[in-house]
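Enquirer: based on what follows, work out the 3D shape:
(one chain, ligands or ions: 2)
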Amino acid sequence: MDRDRTCRSLSLAIPCYNEASNLDALLARCIANLDVLGLRWEILLIDDGSRDSTALQLAHWAAREPRVRALLLSRNFGKEAALSAGLDAARGETVVLMDADLQHEPELIATMLQRWQAGADVVYARRKDRRDEPRFKRVFTHLFYRLLNATHPRVKIPPDAGDFRLLDRHVVDALKSLPEHNRFMKGMYAWVGFRAEELPYTPRARASGQSHYNLHSLLSLSLSGMTAFTTWPLRAASVIGVNLALLAFGYGGYLVLDYWLFGAEVSGWTTIVVSTMLFSGVQLLSLGILGEYIARIYEEVKGRPLYIVSRRLGQGLPAETPTPD
Ligand code: UDP
Ligand code: MG
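Expert: Residues are numbered from 1 along each chain as shown. Ligands and ions are numbered 1, 2, ... in the order given. Just a heads-up that it's a prediction; the model follows:
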């Protein structure tokens with residue numbers, strides 16, 4: 001039997017990095033949208049070590065609106081860590097994750113909640129198209145998800161779905177139980193499972209400021225995702241190695257026969273140079289792949305906390321977390 005789906009409390013968790021210019025508009029709109037839902041709510045803002053006046057503004061908001069709560073992280077830990085901080089601190093029976101730049105419209109929260117009431121455990125916003133993005137980014141994203149989903153038949157990470165989503169308390173607890181430091185959230189949402197439904201949406205333009213992700217940070221996030229959720233690059237390195245070795249044996253045999261039958265012939269300069277370069281290239285590539293995985297293992301075994309909270313402001317929902325059966 002499914003449990004009672006009357007939502008009593010909702011936490012809206014928003015990571016903020018240098019978003020001072022968006023906060024007033026964001027909070028006014030969120031509050032207006034949450035007030036009509038007829039439940040207890042809190043807005044939890046995670047300041048990810050901003051260098052502008054974000055922290056100051058959060059302090060003002062937390063002082064004048066008791067349902068607004070803020071966590072100030074001790075430095076910039078990255079969006080994935082800020083989201084984890086939000087999930088750890090959220091007290092609601094359902095938790096909505098959202099960006100601070102109003103690309104995610106708070107108006108959608110009501111629809112997400114309806115889907116949750118109808119039985120979904122996760123309702124994620126999935127962008128209808130990527131026509132607003134440059135062509136190279138679309139091609140890269142498409143390729144990335146193809147490679148990411150290539151060898152994991154049981155866990156499918158939906159492309160075009162981001163962090164804008166509503167999570168049931170069970171899902172939040174499941175995510176909190178994953179101990180890894182390399183937190184590729186899009187993969188983790190898929191990994192924990194539960195009943196997930198998509199909600200098509202068109203992201204708006206950033207209200208003010210600029211995206212924090214450039215080509216370099218997107219590549220680095222993709223690499224984290226790859227190493228966190230696949231091991232096929234390691235196998236690919238062995239398969240390429242085995243095939244090249246077989247090829248080399250074959251060619252070596254041919255050269256020996258050639259020498260026996262037709263005598264010494266001083267040639268083969270091109271072969272030597274090309275094969276040396278090819279083999280060193282493949283070796284370095286394999287070492288690089290190995291290195292990526294070892295670096296992640298190193299990060300994991302250090303066992304450092306994902307983030308450090310320097311201050312907590314405001315009240316939000318009461319501390320006792322509701323425990324749905
Ligand atoms: N963000 C964060 N820490 C970071 C970078 C970004 O908390 O190091 C937050 C940012 O304030 C925003 C959200 O993550 O609320 C998404 O960031 P952004 O809009 O720059 O990304 P995009 O929409 O371009 O993917
Ligand atoms: Mg954005």
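
Enquirer: where does the prediction get shaky in this structure?
Expert: Within the chain, the ranges that satisfy pLDDT under 70 run 1-2, 265-266, 321-325.

Enquirer: buried sites along the lengthiest helix in it?
Expert: The residue-count maximum for a helix in the chain (DSSP state H) belongs to helix 269-302. Buried residues in helix 269-302, counted by 16 or more other C-beta atoms under 10 Å: 286, 289, 296. Using the backbone N, CA and C atoms, a C-beta is placed for each residue, glycine as well.

Enquirer: same question, stretch 213-223
Expert: Across stretch 213-223, burial judged by 16+ other C-beta under 10 Å covers 221, 222, 223.

Enquirer: can those residues go into CSV with extra columns for distance to residue 134?
Expert: CSV is the format used below for these (distance: C-beta to C-beta, whole Å):
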residue, distance to residue 134
221, 17
222, 16
223, 20
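
Enquirer: can you pull out the helices in the stretch 1-150 of the chain?
Expert: 20-35, 54-64, 79-89, 108-117, 135-148 (DSSP state H, counting those that start in this stretch).

Enquirer: would you tell me which residues of the protein are close to ligand 1?
Expert: 15-17, 19, 48, 76, 78-79, 82, 99-101, 103, 206, 211-213 (C-beta under 6 Å from any ligand atom).

Enquirer: filter those to the buried ones?
Expert: Buried among the residues of the chain next to ligand 1 (16+ other C-beta under 10 Å): 15-17, 19, 48, 76, 78-79, 82, 99-101, 103.

Enquirer: farthest-apart pair in those residues, please.
Expert: 76 and 103 (19.8 Å; C-beta to C-beta).

Enquirer: return the most buried member of the helices of the stretch 1-150 of the chain.
Expert: helix 79-89 (a mean of 22; mean count of other C-beta atoms under 10 Å).

Enquirer: elements contacting it?
Expert: Applying 3 or more C-beta pairs under 8 Å, 6 or more residues apart in numbering; DSSP states H and E, one finds that helix 79-89 contacts strand 9-16, strand 40-47, strand 68-73, strand 94-97, strand 161-168, helix 169-176, helix 185-192.

Enquirer: if we ignore the residues flanking it in sequence, what's nearest residue 76?
Expert: Excluding the flanking residues, the one nearest residue 76 by C-beta to C-beta, 6 or more residues apart in numbering is residue 49, at 3.6 Å.

Enquirer: what residues are up against that neighbour?
Expert: Neighbouring residues of residue 49 by C-beta atoms under 8 Å, 6 or more residues apart in numbering: 17, 73, 74, 75, 76, 77.

Enquirer: got a markdown table for the helices of the stretch 1-150 of the chain, with distance to ligand 2 too?
Expert: As requested, those are exported to a markdown table (distance: least, C-beta to the ion, whole Å):
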| stretch | distance to ligand 2 |
| --- | --- |
| helix 20-35 | 10 |
| helix 54-64 | 15 |
| helix 79-89 | 10 |
| helix 108-117 | 15 |
| helix 135-148 | 14 |
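
Enquirer: so which of those is nearest residue 256?
Expert: Nearest to residue 256 among the helices of the stretch 1-150 of the chain is helix 135-148; the distance by C-beta to C-beta comes to 40.0 Å.

Enquirer: what's the angle from that closest one to helix 185-192?
Expert: For helix 135-148 against helix 185-192, the angle by axes from the mean of the first three to the mean of the last three C-alpha atoms, to 10 degrees is 30 degrees.

Enquirer: roughly how far is helix 135-148 from the heart of the chain?
Expert: With C-alpha atoms, centre = their mean, to the nearest Å as the basis, helix 135-148 stands 15 Å off its chain's centre.

Enquirer: not counting that helix itself, show me its contacts.
Expert: Applying C-beta under 8 Å, 6+ apart, the external contacts of helix 135-148 come out as 130, 133, 157, 159, 187, 218, 222, 225, 226, 229, 230.

Enquirer: moving C-terminal of the longest helix of the chain, what's the next helix or strand?
Expert: Per DSSP states H and E, helix 269-302 leads on to strand 309-314 as the next helix or strand towards the C-terminus.

Enquirer: quick check: buried residues in that next one?
Expert: Of all the residues in strand 309-314, those buried under the rule 16+ other C-beta under 10 Å are 313, 314.

Enquirer: ok, stretch 120-138 next?
Expert: For stretch 120-138, by 16+ other C-beta under 10 Å, it's 120, 121, 122, 123, 124, 125, 126, 127.

Enquirer: alpha carbons of that stretch, as PDB, please.
Expert: The C-alpha atoms that make up stretch 120-138 are tabulated as PDB, following Å, rounded to 0.1, in the frame of the first residue of the first chain:
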ATOM      1  CA  ALA A 120       5.900  10.000  -7.800                       C
ATOM      2  CA  ASP A 121       8.900   9.900  -5.500                       C
ATOM      3  CA  VAL A 122      11.100  12.200  -7.700                       C
ATOM      4  CA  VAL A 123       9.800  14.800 -10.100                       C
ATOM      5  CA  TYR A 124      12.500  16.200 -12.300                       C
ATOM      6  CA  ALA A 125      12.300  19.100 -14.700                       C
ATOM      7  CA  ARG A 126      13.600  18.000 -18.100                       C
ATOM      8  CA  ARG A 127      14.400  20.700 -20.600                       C
ATOM      9  CA  LYS A 128      12.300  20.400 -23.800                       C
ATOM     10  CA  ASP A 129      15.100  21.300 -26.100                       C
ATOM     11  CA  ARG A 130      18.700  22.700 -26.100                       C
ATOM     12  CA  ARG A 131      18.200  25.200 -29.000                       C
ATOM     13  CA  ASP A 132      19.400  28.000 -26.700                       C
ATOM     14  CA  GLU A 133      22.800  26.400 -26.300                       C
ATOM     15  CA  PRO A 134      25.700  26.600 -28.800                       C
ATOM     16  CA  ARG A 135      25.900  23.700 -31.200                       C
ATOM     17  CA  PHE A 136      29.200  22.300 -29.900                       C
ATOM     18  CA  LYS A 137      27.800  22.100 -26.400                       C
ATOM     19  CA  ARG A 138      24.800  20.200 -27.700                       C
END
